[in-house]
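J.: Return a 3D structure for these sequence lines:
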Amino acid sequence: MKFGTELRHALVFVATGIMLAALPVHGEDPTGPEQAPEVEEDTGGNYEQCARFRADIDADLGEVLRAGCEPTLAQMSALMDNPIGNVAMLFNQYDAYSIEDPESGVDEFQHNYMLLFQFPKKLNSNWNLINRVVFNYTSVPLDQDDIDDFEPRPGFGEVDYQTLSGVSPASSPPNTPLPVELFEGRTTNLGDSYYVGLFAPNEPTFLSNGAKFLWGLGFDLGFDTAADDVLGTGKWTAGPSALGVYMGDVFKGGGLIQHYTDYAGDGDRDDVNMTNIQTFYYWSLNETTSIGAGPNIIANWEQNSDNTWTVPVGIGISKTFQVGKIPIRVGLEYHHTIIEPDDIPGTDYSVRFYIIPAAPSALFEWMQ
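T.: I've put the predicted structure just below:
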């Protein structure tokens, strides 16, 4: 079967990535933890102070930089693990989704490149505003020209669109049966854009076992920026967002819940009433390498109960490298859908690859 072949290929792809990421890179000691890079300030009068900062993985990187020291790779990797930390990150994420049409049994791939800029803005001594700005470039197995040229038969009605079940609102092709061949042709262009703002306390809540609990509350906005109908919802959306994260020494997990409801847009398009739960769970193998995944659980409340939920699980690996003085995280994940819609096209499985460069927010005055 085509599905079985593609599944085997995806598993081989992920396994190869895991083996490659686990290999030591040039200059890395494979027998021990990541070593701090040699930095210029060690030869100066603040050698001892910088040494103390390097020994503390949870050191305040603002203080580290103000002292003329440089954060270690392990410190930056730990900061990147914190979704509301004082760090600016640029997510470059590619997702390939295997979409199956339940009517014909035919499956095809949808592709999405997401560019996400996350940065904190200090509000006062107690609170930060965590900003996430998202742009999408999407390719779906639907020909927009064929749909535009379609003339409905009497009593059939207009072609209907809705956000695809099983795919994050970051990329939003249709999910209702269309009166044209579903997987003939392809449309590729800019998709909808999003903003998420989370108000989060500067200090975490410390638990009795020494772990940290982080949280944030805020809102999300969706913008009708898709270049073609099949690439977006045709709506302007808004809703509440909430984040909760458990951060232990080895295990880190939590979720970002976002709800989208339309308030304006094309009146001929379907309403948007959707919840997106961005889950994540990771186990640290060492200071810069983790295994786990971050699949998106989708609830499309506009669908009936048989087609509401899409629930994937996943596994993958990520590793943080030093490129010059810039920490860069590289990751590869495989997600498999265990609950998917019965009667409309949905995601069988997906593969995700991402590259994330980062920098401490203390480097940018406008964030302070």
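J.: Could you double-check that Ile99 sits in contact with Pro345?
T.: Yes - with contact defined as Cβ atoms under 8 Å, Ile99 reaches Pro345; the gap is 5.3 Å. Just so you know, the C-beta spots here come from the backbone N, C-alpha and C atoms, and that holds for glycine as well.
J.: Can you pick out the residue with more neighbours from the two?
T.: Pro345 (30 against 24; other Cβ atoms under 10 Å).
J.: so that one makes contact with Asp101?
T.: Yes - at 5.1 Å, Pro345 and Asp101 qualify as touching, with contact defined as Cβ under 8 Å.
J.: Any stretches of this structure with poor pLDDT?
T.: Low-confidence segments of the chain (pLDDT under 70): 1-45, 149-183, 365-368.
J.: just the helices in it please.
T.: 2-22, 47-55, 61-66, 73-81, 144-149 (DSSP state H).
J.: so how many other residues sit close to Val330?
T.: Val330: 17 neighbours (other Cβ under 10 Å).
J.: Correction: the previous question concerned Val272.
T.: 24.
J.: likewise Gly324?
T.: 6.
J.: which residues does the nearest residue to Pro327 once chain neighbours are set aside contact?
T.: Among residues not flanking Pro327 along the chain, Met76 sits closest, at 4.0 Å (Cβ to Cβ, 6 or more residues apart in numbering). Neighbour list for Met76: 61, 87, 320, 327, 358, 360 [criterion: Cβ atoms under 8 Å, 6 or more residues apart in numbering].
J.: just Ser284 next, same as before
T.: 249-252, 290.
J.: Beta-bridge partners for it, please?
T.: On the basis of DSSP bridges, Ser284 is bridged to Ser290.
J.: Okay, buried residues for stretch 134-147 please.
T.: For stretch 134-147, a neighbour-count test (16 or more other Cβ atoms under 10 Å) marks 134-144, 147 as buried.
J.: Which of those residues sits closest to Phe199?
T.: Closest to Phe199 out of the buried residues of stretch 134-147 is Val134 (18.4 Å), distances taken as Cβ to Cβ.
J.: What sits closest to that closest one if chain neighbours are left out?
T.: Tyr194 is the one closest to Val134 (Cβ to Cβ, 6+ apart), at 4.2 Å.
J.: my read: that neighbour touches Asp224, true?
T.: No - if you go by Cβ under 8 Å, Tyr194 and Asp224 don't touch, sitting 11.0 Å apart.
J.: Same drill for the two, tell me which one is more crowded.
T.: Per other Cβ under 10 Å, whichever of Tyr194 and Asp224 has more neighbours is Tyr194, with 24 against 17.
J.: gap between that one and Asp220?
T.: 6 Å (Cβ to Cβ, to the nearest Å).
J.: Also Ser125?
T.: On the measure of Cβ to Cβ, Ser125 and Asp220 end up 26 Å apart.
J.: Now do the same contact list for Thr310.
T.: Thr310 sits in contact with 165-166, 297-300, 337, 339-341, 346-347, where contact means Cβ under 8 Å, 6+ apart.
J.: What of Asp262?
T.: So Asp262 contacts 233, 235-237, 271-273 (Cβ under 8 Å, 6+ apart).
J.: Buried ones among those residues?
T.: 233, 235-237, 272-273.
J.: from the residues you listed, which single one is nearest Arg186?
T.: Using Cβ to Cβ, the buried ones among the contacts of Asp262 come closest to Arg186 at Thr233, 19.4 Å.
J.: the more surrounded of Ser125 and Asp220?
T.: Neighbour totals were compared for Ser125 and Asp220, and Asp220 leads with 23 against 7 (other Cβ under 10 Å).
J.: And the more buried one, how far from Glu287?
T.: Distance from Asp220 to Glu287, by Cβ to Cβ: 33 Å.
J.: Over to Gly267?
T.: Following Cβ to Cβ, the distance that separates Gly267 from Glu287 is 53 Å.
J.: now do Gly216
T.: Where Glu287 is concerned, Gly216 sits at a distance of 25 Å (Cβ to Cβ).
J.: Compare the two (neighbour count), which wins?
T.: Using other Cβ under 10 Å as the criterion, Gly216 and Glu287 rank with Gly216 on top: 22 against 17.
J.: who does that one bridge with?
T.: Bridge pairing for Gly216 - DSSP bridges - gives Leu243.
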